[in-house]
Structures are given as structure tokens and as C-alpha cells.
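Student: Provide a 3D model corresponding to the input given below.
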Amino acid sequence: MRLRAILFSAILSLPLLSFAQQETNQVATRGNIFAGYSLLHSSNDLGSTSIGGSNFNLGGSLGGWEAQGTFNFTRHFGLTADFSGNSKQLAGISGLGFSAGTQQHMYNMLFGPTVTGYFGKSSVFGHALFGAAHSSLGAGITVPILGGISAPLDSSNAFAMAFGGGIDIGLSRHFAIRAAQVDFIRTNFNTLDSLTGLTSGTSTNQNNFRYSGGVIWRF
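Tutor: Numbers count the residues shown, from 1 in each chain. Okay, the predicted model is just below:
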């Protein structure tokens with residue numbers, strides 16, 4: 001009789017254990033926070049300008065960082081805030097511990113909707129982001145023991161928008177690795193911003209591609 005009671009209790013508890021296991025395997029979908037590395041690449045020649053008789057060209061890649069937060073109103077639809085900063089050494093000299101040169105900095109502050117689909121603990125997403133880009137050009141010198149000294153040369157702001165998406169590889173309910181996020185970023189620096197090296201003499205549109213990867217915390 002006691003054996004039958006134990007077997008009957010075990011059978012009744014199986015659905016509860018299954019439900020608990022499903023809950024454990026579910027991904028937290030209320031939102032997420034991403035932090036990682038980003039690489040901004042210009043798909044076209046962004047032009048050159050003269051500073052003290054020295055020309056530079058911003059074509060190429062700018063390494064930097066990206067931070068992103070997404071709040072989901074439903075399981076599949078949310079709102080994203082995206083912030084990134086990228087820099088590149090344009091020209092410089094160094095020797096005996098001394099160095100001097102110019103650096104380009106680009107910052108993007110973007111907001112917009114994100115759509116996410118899930119498969120297991122992993123997910124894919126796409127977004128359309130809009131906001132502003134800030135570019136600055138600076139010159140600096142580094143002296144042994146004393147450290148570095150820098151001074152801004154010029155800066156400019158412009159409208160920016162980004163369209164893209166990526167894939168997140170889930171590690172657990174709350175943590176994932178962003179294997180890849182690829183965005184097409186369009187900025188609209190005007191011809192008066194030529195000192196920043198962002199425009200040619202006639203173009204007011206700049207096309208850029210950004211790759212990002214890093215870690216994600218889901219909540």
C-alpha cells in the first residue's frame with residue numbers, strides 16, 4: 001500500500017517537474033543590456049582636408065566601444081538606446097618615448113524600435129535607430145613621465161540613422177554572447193564640416209558600416 005502511494009505521488013509530481021524545467025530553460029525577455037567592442041568602417045572616401053598644410057583621409061576603420069540597452073514591451077518588440085564611440089589615429093610621429101599626432105573621434109547616440117526572435121536560449125534581432133552623430137578632431141602630445149596633453153581642433157554634429165541586426169548566443173537564462181551585430185550607419189555632415197574630415201567638397205551624406213560584439217545581460 002505504501003509503495004502504491006509513493007508511485008502515485010511520483011506520477012503526479014512529474015508534470016510539475018517538467019513545468020519547472022521549462023521555466024528554468026526560458027530566456028529572460030523583459031530587456032537586455034549589451035556592452036562590447038565596435039568597429040566603424042567607411043564604405044566610401046570621406047574626403048580629406050588640410051590642417052597646417054598636412055592632409056589626412058578618414059577612409060578606413062575606427063576601433064571603439066558600444067553600449068546598448070533594450071526594453072521589451074512584448075516578447076518580440078522593444079525600444080533600444082544605442083551609444084558608441086570610435087577613434088582613429090590619423091597622423092603622428094613617435095620616438096624616444098615622445099609621440100604627437102591627430103585623432104578622429106566619432107560618437108553616435110541612437111534610439112529606435114527592435115524586433116527579436118528566439119530559438120532556445122539564443123536570439124536574432126533587427127532594429128532601426130535614429131539620432132545624432134558627433135565628430136571631433138584633436139591633436140595631442142605624449143611626454144615621458146609627464147603623460148599626455150591633448151587639445152581639440154574642431155567638432156561637428158549631424159543627423160544619423162542605423163539599420164541592422166545581429167545574433168545573440170545564449171549561455172544561460174540571463175547571459176549571452178553577441179556573436180555579431182552589423183549596422184549600416186548613415187550620417188549627414190554638411191560641406192562646412194570639412195575640417196573634421198567627414199565630407200568631401202560636394203557630398204553631404206556619409207555611408208558607414210559598424211560591426212559589434214560583446215556580452216549581454218538579460219532581465
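Student: Tell me which stretches of the protein form helices.
Tutor: According to DSSP state H, the chain carries its helices in the segments 2-25.
Student: longest single strand anywhere in the protein?
Tutor: strand 147-170 (DSSP state E).
Student: neighbouring strands for it, and are they parallel or not?
Tutor: Strand 147-170 has its sheet partners listed here by DSSP bridges as strand 122-143 (antiparallel), strand 175-187 (antiparallel).
Student: Counting neighbours, what do you get for the residue lying closest to residue 153 once chain neighbours are set aside?
Tutor: Nearest non-adjacent residue to residue 153, counting by CB to CB, 6 or more residues apart in numbering: residue 137, 4.6 Å away. In this view, the C-beta of every residue, glycine as well, is placed from N, C-alpha and C. Using other CB atoms under 10 Å, residue 137 has 22 neighbouring residues.
Student: Kindly state the beta-bridge partners for residue 137.
Tutor: residue 104, residue 154.
Student: again, but for residue 159
Tutor: Beta-bridge partners of residue 159, as defined by DSSP bridges: residue 132.
Student: Let me see the contact set for it.
Tutor: 130, 131, 132, 133, 187, 188 (CB atoms under 8 Å, 6 or more residues apart in numbering).
Student: how about those in a markdown table, adding neighbour count and pLDDT?
Tutor: Putting the contacts of residue 159 into a markdown table (neighbours: other CB atoms under 10 Å; pLDDT from 0 to 100) gives the following:
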| residue | neighbour count | pLDDT |
| --- | --- | --- |
| 130 | 13 | 98 |
| 131 | 16 | 98 |
| 132 | 15 | 97 |
| 133 | 25 | 94 |
| 187 | 25 | 90 |
| 188 | 16 | 88 |
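Student: where does this structure dip in pLDDT?
Tutor: 1-25, 43-61, 91-92, 94-98, 143-148, 150, 191-203 (pLDDT under 70).
Student: Leaving out sequence neighbours, find the closest residue to residue 28.
Tutor: Using CB to CB, 6+ apart, the nearest residue to residue 28 is residue 218, at 4.1 Å.
Student: Can you report how many residues neighbour the one you found?
Tutor: Residues contacting residue 218 under the criterion other CB under 10 Å number 22.
Student: Likewise for residue 128?
Tutor: Residue 128: 15 neighbours (other CB under 10 Å).
Student: next one: residue 179
Tutor: 12.
Student: Tell me how far it lies from residue 210.
Tutor: Applying CB to CB, to the nearest Å, the value for residue 179 to residue 210 is 15 Å.
Student: do residue 120 as well
Tutor: From residue 120 over to residue 210 (counting by CB to CB), the distance is 27 Å.
Student: cool, residue 188 as well?
Tutor: On the measure of CB to CB, residue 188 and residue 210 end up 16 Å apart.
Student: Spit out the contact partners of residue 185.
Tutor: Residue 185 neighbours (CB under 8 Å, 6+ apart): 40, 108, 133, 160, 161, 162, 207, 208, 209, 210.
Student: In the sheet, which residues pair with the residue lying closest to residue 208 once chain neighbours are set aside? Tell me.
Tutor: In space, and not counting its chain neighbours, residue 208 is closest to residue 185: 4.4 Å by CB to CB, 6+ apart. Residues in a beta bridge with residue 185, per DSSP bridges, are residue 162, residue 208.
Student: Roughly how far does residue 185 sit from residue 161?
Tutor: Taking CB to CB, one finds residue 185 at 7 Å from residue 161.
Student: Many thanks, we can stop here.
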